[in-house]
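Participant: pasting a predicted model and its sequence here:
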Amino acid sequence: MNIARKPEWLQKRINPAAHAAMEGLLGELHLHTVCQEARCPNITECFRERQATFLILGADCTRLCSFCNVTKRTPLPPDSTEPARVAEAVFRLGLSHVVITSPTRDDLPDGGAGHYAETVAAIRSAAPATKVELLIPDFLGSSESLARVVASAPAIIGHNVETVPRLYDIRAGGEYGRSLRVLRMLGELAPAVRSKSGIMLGLGETEDEVLTVFADLRAAGCSYLGIGQYLAPSRQHHPVREFIRPELFEKYRITALSMGFAHVESGPYVRSSYHAARYDGAP
């Protein structure tokens, strides 16, 4: 397959003029979103529907994943006013479900867990009916940080494994085994809270490797799964090795459900927070 040109099933267009109102709100409240920082291809669709995934703890990451567009500069200290500003945005947008994530902050003693908890509390105060989903880094496997996040009582906690273990050189600072332990610890700390993970395809993985990841996630107690196509943010990022056909995404979805996942989103444009509310309605 010629990977220099996207196939016909990957021709979604970004139209900044269609989401000027959302851009204005985010600018007014000085907020970051992963939609903007990661150059998400779904940004026009989501922003037009007044949906956004908020990026707390700044827009700079302490790791160097070669697939990610989030900047790798020295991060600033957490902004104590940020939780209230995120909550204000959630309230003004009238969100029934919101996803909060962050860059990895290995420079902070708790990895930013306290800031996550403060953000959940602020949203709960401003918009008590809104269900909060957290997409967290691995916190270097710290059980104390995970316990702090769990204690804030979000509806869903996600942590992505991103790819198969053989390709973890693209995830600098990440460890596949540690990510599985994080998911397992989440289940032990809060059995009633559903955990979620995600994997990108098209990085050079095999079908057998993908199915092994599914099995590992289920063994770690993971309930929800997102499967999407990796798209390189630029020529300087890790290249796309393959465009996965929609039929194979559907095959993976059916297989994952048969392995016990409560809900699976699988498709070329699926991202961690894309159609996030759909997972919440799963049994």
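Facilitator: On my side now, so go ahead.

Participant: how much space between residue 54 and residue 124?
Facilitator: Residue 54 sits 15 Å away from residue 124, taking CB to CB, to the nearest Å as the criterion. C-betas here are computed from N, CA, C, even on glycine.

Participant: which of these two has more residues huddled nearby?
Facilitator: Neighbours per residue (other CB atoms under 10 Å) separate residue 54 from residue 124, with residue 54 holding more: 26 against 17.

Participant: could you pull up the mean pLDDT of the strand or helix carrying the more buried one?
Facilitator: Assigned by DSSP states H and E, residue 54 falls within strand 53-55. For strand 53-55, the per-residue pLDDT values average out at 94.

Participant: list the contacts of residue 246.
Facilitator: Counting by CB atoms under 8 Å, 6 or more residues apart in numbering, residue 246 makes contact with 9, 267-268.

Participant: distance of it relative to residue 173?
Facilitator: From residue 246 over to residue 173 (counting by CB to CB), the distance is 33 Å.

Participant: show me where pLDDT drops low in this structure?
Facilitator: Applying pLDDT under 70 to the chain flags residues 1-4, 281-283.

Participant: ranges for the helices of it?
Facilitator: Using DSSP state H, the helices of the chain run over residues 20-28, 34-37, 43-48, 82-93, 113-126, 143-151, 176-189, 207-219, 246-258, 276-280.

Participant: in TSV: these, plus distance to residue 197.
Facilitator: Written out in TSV, the entries for these read as follows (distance: least, CB to CB, whole Å):
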stretch	distance to residue 197
helix 20-28	27
helix 34-37	16
helix 43-48	21
helix 82-93	23
helix 113-126	17
helix 143-151	15
helix 176-189	6
helix 207-219	5
helix 246-258	11
helix 276-280	11
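
Participant: nearest to residue 102, of these?
Facilitator: helix 113-126 (7.2 Å; CB to CB).

Participant: the closest one packs against which elements?
Facilitator: Using 3 or more CB pairs under 8 Å, 6 or more residues apart in numbering; DSSP states H and E as the contact definition, the elements that helix 113-126 packs against are helix 82-93, strand 97-101, strand 131-135, helix 143-151.

Participant: that helix vs strand 97-101, what angle?
Facilitator: What separates the directions of helix 113-126 and strand 97-101 is an angle of 160 degrees, with axes from the mean of the first three to the mean of the last three CA atoms, to 10 degrees.

Participant: starting at the chain centroid, how far to helix 113-126?
Facilitator: When C-alpha coordinates are averaged (CA atoms, centre = their mean, to the nearest Å), helix 113-126 and its chain have centres 18 Å apart.

Participant: buried set for it?
Facilitator: Neighbour-count burial for helix 113-126, counted by 16 or more other CB atoms under 10 Å, picks out 113-120, 122-124, 126.

Participant: which other residues reach that helix?
Facilitator: In this structure, residues lying in contact with helix 113-126 by CB under 8 Å, 6+ apart are 56-57, 78, 82-84, 86-88, 90-91, 98, 100, 102, 130, 132, 134, 136, 139, 142, 144-146, 148-149, 151-154.

Participant: filter those residues to the buried ones?
Facilitator: Neighbour-count burial (16+ other CB under 10 Å) is assigned, among the contacts of helix 113-126, to 56-57, 78, 82-84, 86-88, 90, 98, 100, 102, 130, 132, 134, 136, 139, 142, 145-146, 148-149, 152, 154.

Participant: returning to what we had before: and of the contacts of residue 246, the nearest to residue 251?
Facilitator: Of all the contacts of residue 246, residue 267 has the smallest distance to residue 251: 11.8 Å, by CB to CB.
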